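Colleague: here is a sequence together with a model predicted from it:
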Amino acid sequence: MTETVLFKAALAAYLASAFVYGGSLLKRRVLTARFGAGLMLVALGIHTFYYLFRWIGEADIPSVDVYDTLSFFAWAMAASYLAMQLRTKTRVLGAFVAPVISVLMIVASIDLGGSVVGSSALKGTLVIIHVMLSVAGEALFAVASLAGIMYLIQDRLLRKKRDRSLIHLFPSLHDLDRINYICLFWGFSLLTLGILAGSFWARIAWGSHWQWDPKQVWTLLAWGFYAFLLHQRLAIGWQGRKAARWSLVVFFALLLMFVLESFLFRSAHTFM
Amino acid sequence: MKLILVGMNYKTAPVELRERLQNYCSDQDVALPDLMMNPEIKEAICLATCNRIEVIARLGDTARGEDFLKNFMCRQGNFDIKETEKYLYIYRDIDAVLHLFRVASSLDSMVMGEPQILGQIKDAYRMAVDRHATGVLLNRLTHHAFQVAKRVRSETEIAGNAVSVSYAAVELAKKIFGSLKGKSALLIGAGEMSELAARHLIRQGVGNIFIANRTIARAQQMAEEFHGVAVSFDEFPSFLPEVDIVIASTGAPGYILTAPMVAAALKKHKHKQHMLFLIDIAVPRDIEPEVGELDNVYLYNIDHLQDVVDANRAMRRGEALRAEELIAEEVAGFEKWFNSLAAVPAIVRLREKTDSIVQGELDRFSAWLGGLKEEDRAHVEWLVSSVVNKILHDPITVLKEESSEGEELPDMAAIRRLFKL
């Protein structure tokens, strides 16, 4: 009961934050965006309490069904975005992040997957570590993409000299590029660790690190794309528009894979 | 209230008059003692900036103090009083408070939202405090003015955007590069506008500045001033790969910087995705418009920047309305505090009278009290004071509340009669 109340309170605060952020875009006011950031911080706090409550109650962090995955995805996005904001002061990016988080939370609240836990093999610390690291990594990729979208909009506004109040409101290209890079770097690191944890767990549960499971193949492909993107940024010097565009392309590929895999294939990861 | 503000500013007086008076008022060691010599001036602060000279004072006698201040302003500037009076403005009581709050919040400045004025008021206040020219009223008033200015700056965006062409260019550069620390700039042409832009860039932390000019001597002169490097005019394209910002302001009849030149420079840069911000403030233009079509290149000309400035000015005007509302709120708050001061003399006398009664009674019973232990005697004294304070609490609260609302205070007269104050 308490956990439902906490979840709904977090959802309400995320929604309020999204509306306030929306207002900051419409009114072109950074001050309003600051208030939106405050609301998101409150939402994240409640959301964290929700997890602590569940952890204490169930002696576990259940995060293997759709409901939990989306909720945790939203939590990781909010946490990483707010952490990023401390360093870069790019408050208005929240106007892109908060609505996505709200949608994720609304979908999570519908409880699409219920508590479908396929087998007893899906229990254990290693599974939870695998899921949490992978989902956190993907949440960081989502924030990187949103920073990329904002970069492309700001770049266009600056080049076309359009809507000066929006130029003033949006963060600098440099800050958006930096967020994109930081999120890519940490997202890639977390996803890598998540994949490794999953592979160890697969070895224990099924006797092999690799099952040619469609989800595994897609994830490895996405990992490869991100490795390529990171390589281009670090070794070749990609930045700015090119890096923003590519981070979007790769994230949409990741999303597409996720959707296609969920609908077309049955795999060991179907519970997701 | 007996508060007065006499002054002249860029809107009311020509610069020659302001200059003469400013020279005098800037020297606070002379101006403040002169002011305070007059017995009608109880407190005073003298603010002298290039755009305004103002004296704010608490007066003893209103009419005599006001005449003295007007004469003071005219005398110090060697003006004829009849001639000069038309340039002066006088604000009394709450209007003076409103004016000071507006000045501190830079709503009355030539460039609305410019932050310097607050620092200047702080300096003037500090100098007045050092010379013991302020008291309860002006201390409270100026501190309140600082708070109002801070509130206006944090709750409105009145100082948010650039309102000069050169500053607009710098703000745009920050929208591209974030911080300008460590960035480098190339100035092509050493005119006044590029000099102004260079000053803004340096203030923002731009490191290397290369200056190219047809007259190399002028380039060298500017380079010396900005700790930059003078380059010959023909050589400037070879410096393009080195820089992040280019400001062009030559009197050349045609384009001196073309798209192929910039494209070639970008290719030579060590970072392939290097961004370049170009500001063309020359008329006719120095930079071919096609340059702006190149990847990672942002080109702005004087019209674009002027548009930015106009839009920002309009935005500031909108924010000023919000600021005026905040200030009205704060003035009302200050007025309430000030009105409550009207009750202070009566309250002080009431307290003095009761204190003397308490002390007299304690003395009268000192023989009896002497027989008590030290601790018990202290208890008796505490008890008597406590009873008196409890009795006085309600009448004093009523007096303060009623006076803060600016009412006639009929209760005060009653209290004076009842307690024979």
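Modeller: Structure's in. What do you need?

Colleague: mean confidence score for the helix or strand where B:H144 lies?
Modeller: Using DSSP states H and E, B:H144 falls within helix B:136-155. Here helix B:136-155 scores 92 as its mean pLDDT.

Colleague: what is that helix packed up against?
Modeller: The contact analysis (3 or more CB pairs under 8 Å, 6 or more residues apart in numbering or on different chains; DSSP states H and E) places helix B:136-155 against strand B:41-48, strand B:52-59, helix B:93-104, helix B:116-130, helix B:302-340. Using the backbone N, CA and C atoms, a C-beta is placed for each residue, glycine as well.

Colleague: touching the first one from outside, list them.
Modeller: Read it as strand B:41-48. Under the criterion CB atoms under 8 Å, 6 or more residues apart in numbering or on different chains, residues B:2, B:7, B:21-22, B:25-26, B:28, B:31-32, B:35-36, B:53-60, B:65, B:68-69, B:103, B:120-121, B:124-125, B:127-128, B:133-135, B:137-138, B:142 lie in contact with strand B:41-48.

Colleague: secondary structure element holding the closest residue to chain B within the stretch 151-272 of chain A?
Modeller: Nearest residue of the stretch 151-272 of chain A to chain B (CB to the nearest CB) works out as A:H174 at 3.3 Å. Secondary structure assigned from DSSP H and E places A:H174 in helix A:173-206.

Colleague: now for that helix, which elements pack on it?
Modeller: Using 3+ CB pairs under 8 Å, 6+ apart, helix A:173-206 is in contact with helix A:66-88, helix A:125-160, helix A:214-231, helix A:240-264, helix B:165-177.

Colleague: could you check the angle it makes with helix B:165-177?
Modeller: When axes from the mean of the first three to the mean of the last three CA atoms, to 10 degrees is applied, the directions of helix A:173-206 and helix B:165-177 differ by 10 degrees.

Colleague: so helix A:173-206 versus helix A:240-264, what angle?
Modeller: Using the same axes, to 10 degrees: helix A:173-206 against helix A:240-264 is 30 degrees.

Colleague: can you list the residues of the stretch 151-300 of chain B near chain A?
Modeller: B:154-155, B:157, B:160-161, B:171-172, B:174-179, B:271-273, B:275, B:292, B:295-296, B:298, B:300 (CB under 8 Å from any CB of the partner chain).

Colleague: can you pull the pLDDT of A:M272?
Modeller: A:M272 is given a pLDDT of 46.

Colleague: so A:F96: helix, strand or coil?
Modeller: helix (DSSP: H, G, I helix; E, B strand; the rest coil).

Colleague: if I look at it, how far off is chain B?
Modeller: In this view, A:F96 and chain B are 17 Å apart by CB to the nearest CB, to the nearest Å.

Colleague: next, count neighbours for that residue.
Modeller: 19 (other CB atoms under 10 Å in any protein chain shown).

Colleague: if we ignore the residues flanking it in sequence, what's nearest A:T32?
Modeller: A:S24 (3.7 Å; CB to CB, 6 or more residues apart in numbering or on different chains).

Colleague: if I pick residue 134, what's in contact with it?
Modeller: No chain specified, so I'll use chain A. A:190-191, A:194-195, A:198, A:219.

Colleague: not quite, go with chain B.
Modeller: So B:T134 contacts B:43-45, B:125, B:128, B:142 (CB under 8 Å, 6+ apart).

Colleague: which SS class is it?
Modeller: Following three-state DSSP, B:T134 is assigned to coil.

Colleague: angles on the backbone of it, please.
Modeller: As for B:T134, its main-chain torsions (degrees, to the nearest 10) stand at phi -110, psi 160.

Colleague: so which bits of the stretch 101-250 of chain A are right by chain B?
Modeller: Checking the stretch 101-250 of chain A against chain B by CB under 8 Å from any CB, the hits are A:154, A:158-159, A:161, A:164-165, A:167-168, A:170, A:172-175, A:178, A:236-243.
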